[in-house]
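Novice: One predicted model, sequence on top.
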Amino acid sequence: MTDDEQLLAERSAAVVRHLDRVAAHLPADPDALTPMSSATDTVVLHLWQAVQVVIDLAVATCVRRGLGNPETYAAAFRILRDAGTIDAELADRLARAAGFRNLLVHAYAALDLRRVHAIATQGPADLRAFLVALQG
């Protein structure tokens, strides 16, 4: 296994661990995700970490493949789309995930927890799809 493959395997495992924590603590009812609760803190923290690792992988892949140094996190996914690494729909959703990551980091107190619940329910599939695309 090359160093790049080893790094991808390690980072992919980290994403999966974070997503497993999100799934384990995400209540079935969106209204049960309440401000300042342990479940909310756990979901937000691990969702943020999973998205951040995917962003880091996207930026590193752009640089490693000689595709350029993305000016923004969202741009990394668009560059990978243009290079044929991921499809356009996935790139758009991941670019929105990068924006959501910024909201998590910079405006935690103002989060719409129903939106967080929807993203925590639907978003992990996109993060996993990205990991699969990088392995291809």
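Specialist: Thanks, I have it.

Novice: so who does Leu131 touch?
Specialist: Leu131 makes contact with Leu8, Ser12, Val15, Val54, Leu57 under the criterion C-beta atoms under 8 Å, 6 or more residues apart in numbering. All C-beta spots, glycine's among them, are computed from the backbone N, C-alpha and C.

Novice: Disregarding residues adjacent in the polypeptide, which is nearest to Asp126?
Specialist: Arg93 (4.9 Å; C-beta to C-beta, 6 or more residues apart in numbering).

Novice: Kindly report the same for Leu94.
Specialist: Excluding its sequence neighbours, the residue lying closest to Leu94 (C-beta to C-beta, 6+ apart) is Phe77, at 4.3 Å.

Novice: what do you get for Tyr73?
Specialist: Residue nearest to Tyr73 in three dimensions, not counting chain neighbours: Ala98, with 3.7 Å by C-beta to C-beta, 6+ apart.

Novice: Tell me the pLDDT of that neighbour.
Specialist: Looking at Ala98, its pLDDT stands at 94.

Novice: contacting residues around it?
Specialist: Contacts here follow C-beta under 8 Å, 6+ apart; on that basis Ala98 touches Val51, Ile55, Thr72, Tyr73, Ala74, Ala76, Phe77.

Novice: cool, and Val59?
Specialist: The contact partners of Val59, by C-beta under 8 Å, 6+ apart, come to Asn69, Pro70, Tyr73, Ala76.

Novice: Can you report how many residues neighbour the last one?
Specialist: Using other C-beta atoms under 10 Å, Ala76 has 28 neighbouring residues.
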